[in-house]
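S.K.: Quick check, what structure comes out for this input:
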Amino acid sequence: MLISRIADLLMPCECPVCGAPADAGGALCAGCLLEMPRLPLYDRAESAELAILANAVCPPSFIAAWMLYDPFRPHAEMIRTSKYRGRPGLARRLGALFAAEFADTYPEAAARPDVLIPVPMYWRKELTRGYNQAVCIAHGIGNVLGVPVADNLVAVRPHATQTRRSAQQRRANIEGIFSVLHPSDFDGLDVVIVDDVITTGATIGEVAIALGRAGARPASVGAMALGMAGGER
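M.R.: Alright, predicted model coming up:
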């Protein structure tokens with residue numbers, strides 16, 4: 001983890017989409033930021049991909065997603081670079097840009113959260129990768145919104161990658177893997193679940209169930225991207 005962080009700090013700030021100098025918050029160049037395939041940032045969680053969340057013990061009060069994830073379009077590279085290529089700092093900077101746009105567009109919603117909950121990664125996988133990109137994104141968001149990032153949601157067992165699995169397979173793959181340490185910490189809190197990419201909503205749904213059982217208020221969701229294919233762990 002330390003080696004990844006040092007390498008990220010020493011790496012020149014290049015746009016992960018086009019390779020030009022990253023002048024937009026040190027994450028993207030201005031052109032790629034402008035051309036990002038943005039989604040409506042604020043949604044009532046009514047999309048078909050997220051229908052599973054309606055059945056969670058603690059369904060989300062809103063979904064905030066920054067862009068459409070298409071693995072074949074250039075902007076998918078910013079997700080892949082921050083996730084797989086030892087760039088935790090890029091994940092934090094992208095989270096900060098996302099939060100700044102959200103707060104500027106929806107200030108009332110941005111003022112609601114009490115705590116950010118990044119989707120956890122099983123400790124062995126996080127050790128292998130060197131960091132959890134969802135945690136990095138959450139810290140970028142939290143720095144802008146002034147909201148703390150919790151670390152008492154954990155993955156209690158490993159699971160296989162969600163990529164190339166059907167919606168039903170994804171749900172079965174991650175069922176019951178999340179647990180809340182010290183549930184009383186969430187009593188009455190308005191929480192926001194943070195992840196990089198949402199596809200079927202299976203992972204987020206399991207997190208919402210765990211948080212609901214811990215007594216959190218209806219959780220909201222913040223993700224860098226929403227996509228139909230690829231992009232989840």
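S.K.: neighbours of residue 218, just the number please.
M.R.: Other residues within reach of residue 218 by the criterion other Cβ atoms under 10 Å amount to 16. Yep, even glycine has a C-beta here, placed from its N, CA and C like the rest.
S.K.: Which pLDDT value belongs to the nearest residue to residue 181 once chain neighbours are set aside?
M.R.: Here the nearest residue to residue 181 in space, its sequence neighbours aside, is residue 152; by Cβ to Cβ, 6 or more residues apart in numbering that works out to 4.1 Å. At residue 152, the model reports a pLDDT of 93.
S.K.: residues in contact with residue 152?
M.R.: For residue 152, the set of contacting residues under the criterion of Cβ atoms under 8 Å, 6 or more residues apart in numbering consists of 180-182, 185.
S.K.: contacting residues around the most centrally placed residue in the chain?
M.R.: Computing the C-alpha centroid of the chain and ranking residues by Cα atoms, centre = their mean puts residue 195 first, at 1.6 Å. With contact set as Cβ under 8 Å, 6+ apart, residue 195 has these partners: 118-119, 134, 137, 203-204, 221-224.
S.K.: again, only using 7 Å
M.R.: Applying Cβ atoms under 7 Å, 6 or more residues apart in numbering, we find residue 195 in contact with 119, 134, 203-204, 223.
S.K.: Same question for residue 150.
M.R.: Contacts here follow Cβ under 7 Å, 6+ apart; on that basis residue 150 touches 115-117.
S.K.: same thing but 8 Å
M.R.: With Cβ under 8 Å, 6+ apart as the criterion, the residues that contact residue 150 are 115-117, 185-186, 191.
S.K.: Scan these and report the most crowded one.
M.R.: The contacts of residue 150, ranked by neighbours (other Cβ under 10 Å): first place residue 117, 30 neighbours.
S.K.: Heading C-terminal from the strand or helix carrying that one, find the next helix or strand.
M.R.: Assessed by DSSP states H and E, residue 117 sits inside strand 115-118. Downstream of strand 115-118, the first helix or strand assigned by DSSP H and E is helix 123-129.
S.K.: I'd like the next helix or strand past that next one.
M.R.: Counting by DSSP H and E, the element that comes right after helix 123-129 along the chain is helix 133-145.
S.K.: Check which helices and strands the very next helix or strand once past that following helix is in contact with.
M.R.: Sequence order places strand 153-155 as the next helix or strand after helix 133-145, per DSSP H and E. Packed against strand 153-155 by the contact rule (3 or more Cβ pairs under 8 Å, 6 or more residues apart in numbering; DSSP states H and E) you find strand 178-180, helix 202-213.
S.K.: Give the burial count for residue 112, as a bare number.
M.R.: For residue 112, the count of nearby residues is 15 (other Cβ under 10 Å).
S.K.: Next up, the contacts around it.
M.R.: Residue 112 makes contact with 190, 220 under the criterion Cβ under 8 Å, 6+ apart.
S.K.: Surely it forms part of a strand?
M.R.: No - for residue 112, which was evaluated using DSSP: H, G, I helix; E, B strand; the rest coil, the result is coil, with no strand membership.
S.K.: so where do the helices sit in this structure?
M.R.: 2-10, 30-34, 76-84, 88-105, 107-110, 123-129, 133-145, 167-174, 202-213 (DSSP state H).
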